[in-house]
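> Have a look at this prediction, sequence included:
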Amino acid sequence: MTTAPAVDAPRPAARPELDPEPRGAAEKILIAVFTGVPFLALIAAVPLAWGHFLGWTDVALTAVLYFISAAGITVGYHRYFTHGSFKANRPLKIALAVAGSLAMEGPVITWVADHRRHHKHSDKEMDPHSPWRFGDDWKALAKGLAWAHYGWLFNPNRTSKRRFAKDLLDDRDITFIHRWFPGLVAVSLLTPALLGGLITWSWQGALTGLFWAGLVRITLVHHVTWSINSICHTFGKEDFEVRDKSRNVWWLAIPSLGESWHNLHHSDPTCARHGVLKGQIDISAGVIRGFEKAGWARDVRWPDERRLAAKRTKRPA
Ligand SMILES: [Zn+2]
Ligand SMILES: [Zn+2]
C-alpha cells in the first residue's frame, strides 16, 4: 500500500531550492509567540482604548514606528534587497535592513530568499505562500487564504538562502544585521516603552507605549504585509498581464504603503513604483524619491511608459 505524500513534501528536483535543515519545533514556537502575542494585544486594544488607556503620545509613537518598520519592509526588504529597484549608499543600506528588522517578520536574508522564491514560482507548486495551493473551489480557497496569510510561516520546508540570496550572504554588513535580528526585536519592543516613559515621565506611559507602539503596531504591520500574500493574490483588479493571480487592491494602498498594487509588481518586479496608474497612491515610491533627492539612492528604476503600455491587459476593464 502506498501513502499519499504530505502536501508540502518537496519533489527531489525542488530540493536545491530548499534548506536541507527543516524548520524545527523551537523556531515554530518562537514564530507563534512573536505573532500571537501582538495579535492578542490587538484584541485587547478596543476595550483598553475605551478605558482611557490610550493617549496622544501613544498615537504619535504608534504612527511613527508603524511608518519606520513598514517602510523598512516595503522600501528596504522588498523593493531594495529583494528586487534591486535602486542602488543605495552604505548608510542607507544598513538603515533599511535595520528598519525592516523592526517589523519582526524575520531576519532580512530569510525574508528575501522566501520572497524571491515566491516570484520565481508565483501561484505554482513551489510558491511558499500561494492562496491557490489547495485548489480553486471555495473550500480549498478558504484554506489557501489562511495558508497564504499565516499558515505558511510554520512550513517545515525553508527556502535555501544560498540558492536565492547569495548576494546578501556575501555582504558582511547584511549578515551582521541578519544575525542580530533577535536584538533588533528587543529594540523594536523596548524603544516605544522607553520613549513613552520618558515623554510622559510615568510608568503608565512606558506600559502604554509598549502596548500600542510595540505590540499593536507590530501586529498591524504583520497583517498588512500578509494581506499582500493572501488578499492581493485572490481579489482585486488585473490591470497588467501576469502569469499568476496577483491583483491590484485599492483599499490596502495606504496601510501597505503602496504594496497592494501587487498586480503591476508581478508584471514588472524591479520597478521602484508599484502604483503606476492615475490615482494609485504609492507612499513607498515617494520615500524612494526622497532618498534619491537626498543623494542616498541612485539608479532608481522608475516606471517606463513604453514598457508599461506593452504590459497592460488587452481586454476592457
Ligand atoms: Zn506576490
Ligand atoms: Zn516582490
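Cool, the structure landed. Ligands and ions are numbered 1, 2, ... in the order given.
> Surely Leu143 and Phe134 touch.
No, residue 143 isn't Leu; it's Lys. Yes - the pair Lys143 and Phe134 passes the contact test of CB atoms under 8 Å, sitting 5.0 Å apart. Placement of C-beta: from N, CA and C, glycine included.
> pLDDT score for Ala13?
Looking at Ala13, its pLDDT is 61.
> How about Val46?
pLDDT, Val46: 79.
> before we move on, what about Phe53?
Listed pLDDT for Phe53 reads 84.
> Do I have it right that it meets Leu210?
No - contact between Phe53 and Leu210 fails when scored by CB under 8 Å: they sit 11.8 Å apart.
> quick one: which of those two has more around it?
The neighbour count for Phe53 versus Leu210, taken as other CB atoms under 10 Å, is higher for Leu210 (22 against 16).
> Who are the contact partners of the more buried one?
Residues in contact with Leu210 (CB atoms under 8 Å, 6 or more residues apart in numbering) are 189-190, 192-193, 196.
> switch to 7 Å and redo it
Leu210 sits next to 189, 192-193, 196 when contact means CB atoms under 7 Å, 6 or more residues apart in numbering.
> One more: Asn229?
The contact partners of Asn229, by CB under 7 Å, 6+ apart, come to 129, 148-149.
> between these, which is closest to Ala32?
His149 (14.7 Å; CB to CB).
> tell me, how many neighbours does that closest one end up with?
20.
> Look up phi and psi at it.
When read as degrees, to the nearest 10, the backbone of His149 gives phi -80, psi -40.
> For it, give me the pLDDT.
Listed pLDDT for His149 reads 95.
> Wait, it touches Val224, no?
No - with contact defined as CB atoms under 7 Å, His149 does not reach Val224; the gap is 11.0 Å.
> Now do the SS call for the most centrally placed residue in the chain.
Nearest to the mean C-alpha position of the chain, by CA atoms, centre = their mean, lies Thr225 at 4.3 Å. Look at Thr225: counting by DSSP: H, G, I helix; E, B strand; the rest coil, its state is helix.
> so what's it up against?
Residues near Thr225 by CB under 7 Å, 6+ apart: 73, 105.
> try it again with 10 Å
70, 73-74, 77-78, 103, 105, 111, 149, 255-256, 259 (CB atoms under 10 Å, 6 or more residues apart in numbering).
> Which one of those is nearest to Ala45?
Distance to Ala45, by CB to CB, is smallest for Pro255 among these, at 15.8 Å.
> quick check, that closest one in a strand?
No - Pro255: not assigned to a strand; according to three-state DSSP it is coil.
> Spatially nearest residue to it (excluding sequence neighbours)?
The shortest distance from Pro255 to any non-neighbouring residue, by CB to CB, 6 or more residues apart in numbering, is to Val224 (4.9 Å).
> What is the neighbour count of the one you found?
22.
> re the thing from before, okay if I get the contacts of Thr225 as TSV plus distance to Ala272?
Converted to TSV, those look like this (distance: CB to CB, whole Å):
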residue	distance to Ala272
Ala70	17
Ile73	15
Thr74	11
Tyr77	14
His78	11
Ala103	20
Glu105	21
Trp111	19
His149	26
Pro255	20
Ser256	16
Glu259	12
